[in-house]
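A.B. asks: Using only what follows, build the 3D model:
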Amino acid sequence: MAGEGKILQDAREKKGLTLKNVEEEIKIRIMYLEALENEQYEILPGTAYTKGFLRTYSKHLELNSAHIIDLFNSSFQQKTPSESYPPLTPIQSTSVWFKPIVLLVMGLIAVAIVIGITYLSRMNIKPQLSDYKPAPLPTAPQTSTVPSSDQNTVQPSSPAKEQSPAVYQGIVAEMTFKQNCWLKVKVDGAIVEDGMNEAGTTKTLQGTQKIEFLTIGNAGGILVKLNGKEIPSLGSSGEVVRNYIVTEEVIKNL
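C.D. replies: Prediction:
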């Protein structure tokens, strides 16, 4: 082992913490904590999640997270076996003659197979979400000017009215993705988002009681506005944040 797992275990035991204590405090399951300490990274869902868990765990134990990640990178590279292939042997060439029509048919069949595989793969990875559709964002009321029936009457000028601020109903979360970010979100108890969001896209969610961000796979890659108010970043790039819950009380305190 490169040593990062042993460092985490020793730091936890030195603080007198059990794996159950750590699970309750940073919301990472015990089986993943044990995998980190034993450097059994194949148990974890992927390299990005592994680094996010290591960063969160090491910060909680007041360790140098950058050093832990460097040790992981070294360990991960050592555990990745290099692929070896048997020496190539030359194949004796044989002369094959095809008519042009046969080559054309074979090309069309190959293109059709590639298109079919691409279509099926996209159908298989589409997440199963609820029929939730966010309501349109509120807009400020517009004022209209009604012309006077008597054009000869000069109407006294009145001071310009300030545009009324937008009025939000319930809880509205506007999200802008600076980087690719995995999200799993519940709105009023129903899962409405479970998948990857690409950098440069935006998304709006609206609820009446609460919005629960169950998993934010890259907390530093997302900007969030709650009822028009931009909130501070939920974490750093690559950091995994769980169970960030938004209610009307939270918005009032912004």
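
A.B. asks: Please enumerate the strands of this structure.
C.D. replies: Using DSSP state E, the strands of the chain run over 171-177, 181-187, 190-197, 202-207, 210-216, 222-226, 229-230, 241-247.

A.B. asks: Name the surrounding residues that touch the first one.
C.D. replies: So that's strand 171-177. 137-138, 183, 197-211, 221-228, 246-248, 251 (C-beta atoms under 8 Å, 6 or more residues apart in numbering). (C-beta placed from N, C-alpha, C; glycine too.)

A.B. asks: Name the residues of stretch 176-186 that are buried.
C.D. replies: Buried residues in stretch 176-186, counted by 16 or more other C-beta atoms under 10 Å: T176, F177, C181, W182, L183, K184, V185, K186.

A.B. asks: Look up the residues forming beta bridges with the fifth one.
C.D. replies: Each beta-bridge partner of L183 is listed here: G195, I216, as defined by DSSP bridges.

A.B. asks: thought Y32 was touching I43?
C.D. replies: Yes. Contact criterion C-beta atoms under 8 Å: Y32 and I43 qualify, at 7.2 Å.

A.B. asks: Tell me which of those two has more neighbours.
C.D. replies: Y32 (19 against 12; other C-beta atoms under 10 Å).

A.B. asks: still on that earlier bit, among the buried residues of stretch 176-186, which two are most distant?
C.D. replies: Greatest spatial distance among the buried residues of stretch 176-186 (C-beta to C-beta): T176 and K186, at 20.5 Å.

A.B. asks: where does I115 land on pLDDT?
C.D. replies: For I115, the model assigns a pLDDT of 84.

A.B. asks: how much space between it and L104?
C.D. replies: With distances taken as C-beta to C-beta, to the nearest Å, I115 is found 17 Å from L104.

A.B. asks: now swap in C181 and tell me
C.D. replies: If you measure C181 against L104 using C-beta to C-beta, the figure is 45 Å.

A.B. asks: so who does I68 touch?
C.D. replies: By C-beta under 8 Å, 6+ apart, the contact list for I68 reads E4, I7, L8, L54, R55, S58.

A.B. asks: what's E193 in contact with, if anything?
C.D. replies: By C-beta under 8 Å, 6+ apart, the contact set of E193 is L129, L183, K184, V185, K203, L205.

A.B. asks: what about the fifth one, neighbour count?
C.D. replies: By the other C-beta under 10 Å criterion, the neighbourhood of K203 contains 15 residues.
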